[in-house]
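Engineer: Return a 3D structure for these sequence lines:
(2 chains)
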Amino acid sequence: MDLSVMMLAALVILTLCAVLSYMYRDLGLIGAIVAAIIAFWAVSSANPELTIYCAFVFVIGIINLVSLKAIKSVIQGVDYGLVGLMILATMYIFTTQDLAMILVAFVLVSVPTYILVMIREGGTNVEVGIKYITFMVLATVLFLIGAVILAYTKSAPNAILYILGYVMLVLGLSIEVGVAPLHEWVPDVFTSADPIPMSIIASLAKIVPFIVALWVLIYSACDLTASITVFTAVLAAISMFTGNIGALTSKEPARVLAYSTVANMGYILTCLVVAINPEPAFICFALVGVVLMLFANAAGKIGFFNAIKGKGAYSPLMYLLAFSFIGLPPLMGFWGKFFILASLVNVGLFLGDAGLIYYILAAIVVINSAISVPYYLRLARDLGGEWQLNLANVISLVAVIIVFITVAFVPVDWFVNSMTVVAQTIGVVI
Amino acid sequence: MSNELIFLLLFLAPVVSSIPIALAYKNKGWTDKLPYLSVFGIFISVVMSIYILVNLDGQYTYSWIPDLGINFVFMIDYLSSYMGVITAVIAFFIAIYGLEYMKGDYRPSWYWFCFNLFTASMLLVVYSDNLFLLFVGWEGLGAASWGLIGHWFRDDDDIAYVGKAGRKVGPLEFSWPPSFGGWRAISTIRFGDVPMFLAIAAIWVFAGTLNISEINWHTLFITLGAAGTIILMVCLLMGLFTKSAQVPFCEWLMTAMTGPTTVSALLHSATMVAAGAFVFLKLTWYIEPWHMHDVPGVEYVFIFVLAIGLLSGFYGALCGTGMRERKVLLASSTMSSIGLMFAAAATSYWIEIEVAGMNLALLVAFWYMAIHAFAKASLFLVAGHLIHGTHSRFLCGDFEFGKRMKTAFAVTLIASSFLVGIPLLTAYWVKSSMDVLYEHLWHHHDMTLPLVLLIVISLLYSAVLAKFLSLNFIKGEKPKHEHLEGGGLMKLGYVLMVAMLFVISCGIILFEEAEHFRHAGGEVMSIGVGLAIFAVFVVAVYKPSISALSRFGSFLSDRMYLPYLNDYILPKIGFFISHILDDYVNPAIDGFFNTKVIPGLFGWTSRRVRSIQSGYLSRYINIVLGLVMIILVIVVILVRGVWQ
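Structural biologist: Residues are numbered from 1 along each chain as shown, chains lettered A, B, ... in the order given. Below you'll find the predicted structure:
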């Protein structure tokens, strides 16, 4: 069956179940899961190389859905539908080469979080919502305008417009995901909102913006890209240092995770610099790095936030998640950082003498990984506890299994292979 | 059998066979039985080395890190094929002896593992053509020697000390426990290994290969120029001189006598100290310095080695005459012999005489090394038996005692007389050729001093070993304790060892390359020197100590106060440097990394980062909107200014 028809069917099921969940609350959950399964099947049968990517998104989405059971919200039922929508958009993102659809997917992932962030036990968290939404609106506007301007310069080259578009897109992305120095909302929202919706915002919601940004930047790359990427590199460096030093000097777990997000977004942002050469072989490493790092970040954040919600989780699980964040081989966090470094070195080699700054950036990534060691271990120690059979532990266990997937398939050839195909499709379109 | 398997068995059999005893260190039942397995491992190496001697020839290469020139390259040439057999056989005989000698020791696992590692490392040094691989074996020797010299690490038995307990000379106590002995060995060796490692790296950079036989030494030395050649060779020689305990790095060898006697025997004959001289021989073999008279700098290097060798030979022999401890006396004489080997090999620069296609100087050095190895190992093994028998590490034993220890007496008589160069006995022939070498230097290059020194050293050396013979079996004090029962395996060990001297004698009679030895033995000067040595030997046996010279003797037995350099002056310099570092450099580094600059930056950043989070939305909006605006404005200005 056609991919768009299947996706439409999934959307219909999702919507119907969300509506009906006013009568039967669990129907929302079931509808979301069914829609996710249909989308998974549709995308992976239409593009077999995306199976692994979709499987990761599916697992992350499902544990996000399940973790919502831990909270009695006033919109229970609809919240499942919102998360389901995000899952669908995230799976869909690689299958289309149409700018309009890509931007729609971006909005579809972004908007549901406005509502999710306000979820609280028996009420709504309006103050957090206002803070979050204010920044998200700004981010979305900057991002969309930037993307559209860049797409325009593709057909009508114009230096000022290109640079302006590039900067707006990157700034929009930075506000959206929380890159320093535009990260002001992150620590506040992460600490005052409920941990469960935060785990969704910190995991599932981060994937699409980066892929869209990477796609648009590669799509619109021109001669000027090499000069303006320095801007991204500087932002990434600031973000890594701010995030890691902030986390190192914070006590509250949620705040540590907030700054850790800022730092992780810095790592991932470095990958956008590969847009200077849109060859498939060239962007492949960056794509692998971005996606693996996002998955590692997602799994870790879900585990830690659920542990905060459940007042602690089984100690070894917490330590394993911390090791993944630190980037110890052979956990997923290591492979993410490995490919990020590989792509930076690639850029350095490509640029020759002018590539020094990217080697420095690679060194900064390594230094920051070292700075992050103490606070992740401290976090694992603070949140670690005895084994009990509860939701927090089960979800942490699944998160640990995700970061361990790369152990079973060392080296992560399979992932690189599938992403090479993806990179080729992007490259072919361009 | 494939060649890979031969080499694997040769190097790994000793190590692998001693792993079980190392693992079973807690179980006394097993550690009593497993030494036999370790000895068997060395036996396999003996078989392999003989197989290699008979069947293999040339270079064998197995890749390791080809990009860096680091490979498993083994060179089976005249030197390595014979030296390999000598090493393995000596280690095997000593191991047999050790089965009895080390019975009841408090950590047999440590001993056997290190002993076998020691043997395997030396074999690696012997057969390697690749300098890096050689260095691996070299470091293995260092590590194993540290473990073995300090084997009795509890320092609880006076029998294992060197020097009289509690005796003070100035601020220093002149007695060294095993743990300190081990430390002195490893620290001295490391001092030389680092420059040696740098020299190997430099060879790789300038020559493009690390295989000794493939390096174009002539081009290398020309490229480096006189100063470069001297620096490179001196760095390399630092490793060899420290390992071979040449002046002034000889102190560790004297206190290495704190280890079990088997270790001393192995250390002095075929491994460790011999390794330095052997590697020098090997390098010289391929450098072919006699063809390098047009290369600036090379002559200085060989004069330097000749000088250090002869100086060590003289110092060792002279100190030996004053020694009162059995093993330290032998150690001192070893140092002297090794010095002679270095010196003889160094004369190759001036000697162009070829015997059976090989340089005479190198042949002399090598044959002397072989004879010395078996003779010295025999003497050490006897010394170990005597220490067990009399429970004293000092020279003692009268004729009555000698009659009761007939085998040991006979072996000592044979080993010492065969080694010093008494006419017609094994070493005489080789020493005659050595005389010829120095005579050549005198006649053709106006260097008389080396010949004079050689004769003086030979006479002193003869006296030292005669003293050892006499004071242990003939004219010494009556031992306070005597435990003469048992000792079967120990006797077997040293009888087998000394028997090898007769085998070498046969070699001298039969081998083509020994022709010059036979010829040199008939020269008038050789006969004269030989008779003088014999006279000194007889006199020294008759009168082993001269009481009138006892003050001078104790000056000699204190090694001319050289321990001061090692234990006092060098540490003072070290402390001085460490004080400078501690008082001035460390605070700066600490200040930067640990107390002021970096932590300050962290604190500052952290305060800034946190001070932003006031919780007020309006503040955040101001910051973010402000930043976005500023960035956009700057970008527009830049774009207009730079790109248009």
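Engineer: Each with direction, which strands does the helix or strand of chain B with the lowest mean pLDDT pair with?
Structural biologist: Counting by mean pLDDT, DSSP states H and E, the weakest-scoring helix or strand in chain B turns out to be strand B:168-169, with a mean of 84. Within its sheet, strand B:168-169 is paired with strand B:172-173 (antiparallel), according to DSSP bridges.
Engineer: What is the distance between the helix or strand just after the strand it pairs with and the centre of its chain?
Structural biologist: For strand B:172-173, the following helix or strand on the C-terminal side (DSSP states H and E) is helix B:178-207. In this view, helix B:178-207 has its centroid 11 Å away from the chain centroid, taken as C-alpha atoms, centre = their mean, to the nearest Å.
Engineer: Could you list every helix and strand that helix B:178-207 packs against?
Structural biologist: If you count contacts as 3 or more C-beta pairs under 8 Å, 6 or more residues apart in numbering or on different chains; DSSP states H and E, helix B:178-207 packs onto helix B:131-149, helix B:217-243, helix B:251-255. The way it works is simple: take the backbone N, C-alpha and C, and place the C-beta from them, glycine included.
Engineer: Which neighbouring elements make contact with the last one?
Structural biologist: Counting contacts by 3+ C-beta pairs under 8 Å, 6+ apart, the secondary-structure elements packed against helix B:251-255 are helix B:178-207, helix B:326-346.
Engineer: and the first one, which residues are buried?
Structural biologist: For helix B:178-207, the buried set under the neighbour-count rule, 16 or more other C-beta atoms under 10 Å in any protein chain shown, comprises B:178-186, B:188-189, B:192-193, B:195-200, B:202-204, B:207.
Engineer: just stretch B:563-582 next, same as before
Structural biologist: Here stretch B:563-582 shows B:563-564, B:566-567 as buried, counting by 16+ other C-beta under 10 Å.
Engineer: One more: stretch A:352-362?
Structural biologist: Buried positions in stretch A:352-362, judged by neighbour count with 16+ other C-beta under 10 Å: A:355, A:357-358, A:361-362.
Engineer: Low-confidence stretches in the chain?
Structural biologist: Because you didn't say which chain, this covers chain A. A:1, A:407-414, A:425-430 (pLDDT under 70).
Engineer: Not quite, go with chain B.
Structural biologist: B:1, B:642-644.
Engineer: B:Ser2: neighbour count?
Structural biologist: Residues within reach of B:Ser2, counting by other C-beta atoms under 10 Å in any protein chain shown, total 7.
Engineer: And for the one 5 residues further on?
Structural biologist: Here the number of neighbours of B:Phe7 (other C-beta under 10 Å) works out to 20.
Engineer: Surely it is in contact with B:Phe74?
Structural biologist: Yes. Under the criterion of C-beta atoms under 8 Å, B:Phe7 makes contact with B:Phe74 at 6.2 Å.
Engineer: tell me, what's touching the two both at once?
Structural biologist: The contact sets of B:Phe7 and B:Phe74 overlap at B:60, B:127 (C-beta atoms under 8 Å, 6 or more residues apart in numbering or on different chains).
Engineer: Isn't B:Asn566 up against B:Arg184?
Structural biologist: Yes. Using C-beta under 8 Å, B:Asn566 makes contact with B:Arg184 at a distance of 6.7 Å.
Engineer: intersection of neighbour lists for these two?
Structural biologist: Common neighbours of B:Asn566 and B:Arg184 (criterion: C-beta under 8 Å, 6+ apart): B:251-252.
Engineer: still on that earlier bit, which of the buried residues of stretch B:563-582 fall within helices?
Structural biologist: B:563-564 (DSSP state H).
Engineer: want to try CSV for the buried residues of stretch B:563-582, with distance to B:Asp156 as columns?
Structural biologist: What follows is the buried residues of stretch B:563-582, written out as CSV (distance: C-beta to C-beta, whole Å):
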residue, distance to B:Asp156
B:Pro563, 23
B:Tyr564, 27
B:Asn566, 24
B:Asp567, 22
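Engineer: CSV please, covering the buried residues of stretch B:563-582 and showing distance to chain A.
Structural biologist: Output for the buried residues of stretch B:563-582, formatted as CSV (distance: C-beta to the nearest C-beta, whole Å):
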residue, distance to chain A
B:Pro563, 46
B:Tyr564, 46
B:Asn566, 41
B:Asp567, 42
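Engineer: From the buried residues of stretch B:563-582, pick the one nearest A:Ser44.
Structural biologist: The closest of the buried residues of stretch B:563-582 to A:Ser44 turns out to be B:Asn566 (C-beta to C-beta; 74.2 Å).
Engineer: Spatially, what comes nearest to the closest one if we skip its sequence neighbours?
Structural biologist: Excluding the flanking residues, the one nearest B:Asn566 by C-beta to C-beta, 6 or more residues apart in numbering or on different chains is B:Glu251, at 4.0 Å.
Engineer: okay, now that neighbour: neighbour count?
Structural biologist: The number of residues packed near B:Glu251 is 22, by other C-beta under 10 Å.
Engineer: now B:Ile90
Structural biologist: By other C-beta under 10 Å, the residues close to B:Ile90 number 29.
Engineer: what's the helix or strand for it?
Structural biologist: Per DSSP H and E, B:Ile90 falls inside helix B:78-101.
Engineer: list the helices and strands that helix packs on?
Structural biologist: Using 3+ C-beta pairs under 8 Å, 6+ apart, helix B:78-101 sits against helix B:35-55, helix B:108-127, helix B:261-269, helix B:273-287, helix B:360-390, helix B:488-510.
Engineer: Please repeat the previous calculation with a cut-off of 10 Å.
Structural biologist: helix B:3-17, helix B:35-55, strand B:70-76, helix B:108-127, helix B:261-269, helix B:273-287, helix B:360-390, helix B:488-510 (3 or more C-beta pairs under 10 Å, 6 or more residues apart in numbering or on different chains; DSSP states H and E).
Engineer: Who are the packing partners of the shortest one?
Structural biologist: Read it as strand B:70-76. helix B:3-17, helix B:35-55, strand B:58-65, helix B:78-101, helix B:108-127, helix B:131-149, helix B:273-287.
Engineer: Taking helix B:217-243 as reference, get the angle to the fifth one.
Structural biologist: For helix B:108-127 and helix B:217-243, the angle between their directions (axes from the mean of the first three to the mean of the last three C-alpha atoms, to 10 degrees) works out to 160 degrees.
Engineer: Okay, angle between helix B:108-127 and helix B:131-149 too, please.
Structural biologist: Angle between the axes of helix B:108-127 and helix B:131-149 is 150 degrees (criterion: the same axes, to 10 degrees).
Engineer: In space, what's closest to residue 163 - neighbours in sequence excluded?
Structural biologist: Chain wasn't specified; assuming chain A. Ranked by C-beta to C-beta, 6+ apart and with sequence neighbours excluded, the top spatial neighbour of A:Ile163 is B:Val639, at 4.8 Å.
Engineer: To clarify, I was referring to chain B.
Structural biologist: In space, and not counting its chain neighbours, B:Gly163 is closest to B:Ser175: 3.7 Å by C-beta to C-beta, 6+ apart.
Engineer: Then A:Val274?
Structural biologist: Nearest to A:Val274 is A:Ala286, by C-beta to C-beta, 6+ apart, at 4.0 Å.
Engineer: So that neighbour sits against A:Gly336, correct?
Structural biologist: No. Contact between A:Ala286 and A:Gly336 fails when scored by C-beta atoms under 10 Å: they sit 11.3 Å apart.
Engineer: Thanks a lot, see you next time.
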